[in-house]
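Chemist: got a structure for you, letters missing:
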């Protein structure tokens, strides 16, 4: 197999994926504009391009490296930012993705693995756990822009013949997640607790999420590589955990003693969601292996060390 292109490969999930692909013996090329990713997350010696995915210069990456597979993880991933700047969100998530898909057609990419979202796509679920067949009702421009690419994928598949896999992860957490951004409650809580700073919970804290460990999400990407058909899969644990419960577990692991401060709920946030992952189990042979307690322990250990 030829080279594998990872967009967002300097970011949280993307850098873990790059490391795993290198372990498995793949040639890897990374594109990341470093808006949230970090250059030091990309191993030395692999081709790295600090480009925006919407840039015309990305064509040069396809022309030089002729990737066989595109793992597309680069995104504007903040719900709050998408509400403040929906045009900027669409510029990256829709127009940037279209640039990549058009280039994939032009340069003979055989397989596209697209990292969508399971947490921001369905709106408030009518049923829990929420299956892939649930109506799509995003509450934010971020959810809408991520879904727009899912709509384009079958069209480009018909035009170019590549196969694709859409992965819809829940709330991904783990080492290297940015604790200073707006996404990633586990990282934000962990960093603030270890620094002895105040922790803010938006709303009453009883909102529930499907927290899935980054290594499990990377495993789903690797399994998607072996798929012969196109498909769409939720990637989560199938269980919800409340933000209050998360706070309690992290406080125990970090020795944090202060109570949280509650702030008004944030717009665009879903109240309760966890994902039905039976399709991923049957179609990808994938299940989440890392329980929440163990994943939080590993995350706190990584933040202490780094």
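Modeler: Structure's in. What do you need? This one's a predicted model, so the numbers in the text were calculated from it and none came from an experiment.
Chemist: Do a quick rundown of the strands in this structure.
Modeler: 4-7, 28-31, 48-49, 69-72, 111-115, 163-169, 171-173, 200-202, 208-209, 211-213, 231-235, 241-242, 261-263 (DSSP state E).
Chemist: Residue 134 is in contact with residue 126, correct?
Modeler: Yes. With contact defined as Cβ atoms under 8 Å, residue 126 counts as touching residue 134 (6.8 Å). For glycine as for every other residue, the C-beta is placed from the backbone atoms N, C-alpha and C.
Chemist: More neighbours: the two, which one.
Modeler: residue 134 (19 against 10; other Cβ atoms under 10 Å).
Chemist: pLDDT below threshold where in the protein?
Modeler: Counting by pLDDT under 70, the chain has low-confidence residues at 1, 181-183, 306.
Chemist: need the longest helix for it.
Modeler: helix 141-160 (DSSP state H).
Chemist: tilt between that one and strand 231-235?
Modeler: Orientation note: helix 141-160 sits at an angle of 150 degrees relative to strand 231-235 (axes from the mean of the first three to the mean of the last three Cα atoms, to 10 degrees).
Chemist: Quick check: which of the strands of the chain is buried the most?
Modeler: The highest mean neighbour count among the strands of the chain, using mean count of other Cβ atoms under 10 Å, belongs to strand 4-7: a mean of 28.
Chemist: who does that one pair up with?
Modeler: When pairs are called by DSSP bridges, strand 4-7 turns out to pair with strand 28-31 (parallel), strand 69-72 (parallel).
Chemist: Output the ones you listed as CSV; include the columns distance to residue 114.
Modeler: Shown next, in CSV, are those (distance: least, Cβ to Cβ, whole Å):
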stretch, distance to residue 114
strand 28-31, 15
strand 69-72, 5
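Chemist: Please name whichever of those is nearest to residue 233.
Modeler: strand 69-72 (14.6 Å; Cβ to Cβ).
Chemist: I'd assumed residue 61 was in contact with residue 49.
Modeler: Yes. Here residue 49 reaches residue 61: they are 5.4 Å apart, a contact under Cβ under 8 Å.
Chemist: who touches both of these two?
Modeler: The contact sets of residue 49 and residue 61 overlap at 29, 31 (Cβ atoms under 8 Å, 6 or more residues apart in numbering).
Chemist: Tell me who's in contact with the closest residue to residue 186 other than its chain neighbours.
Modeler: Sequence neighbours aside, residue 173 is the residue nearest to residue 186 in space, at 3.7 Å (criterion: Cβ to Cβ, 6 or more residues apart in numbering). Counting by Cβ under 8 Å, 6+ apart, residue 173 makes contact with 184-187, 211-214, 295-296, 299.
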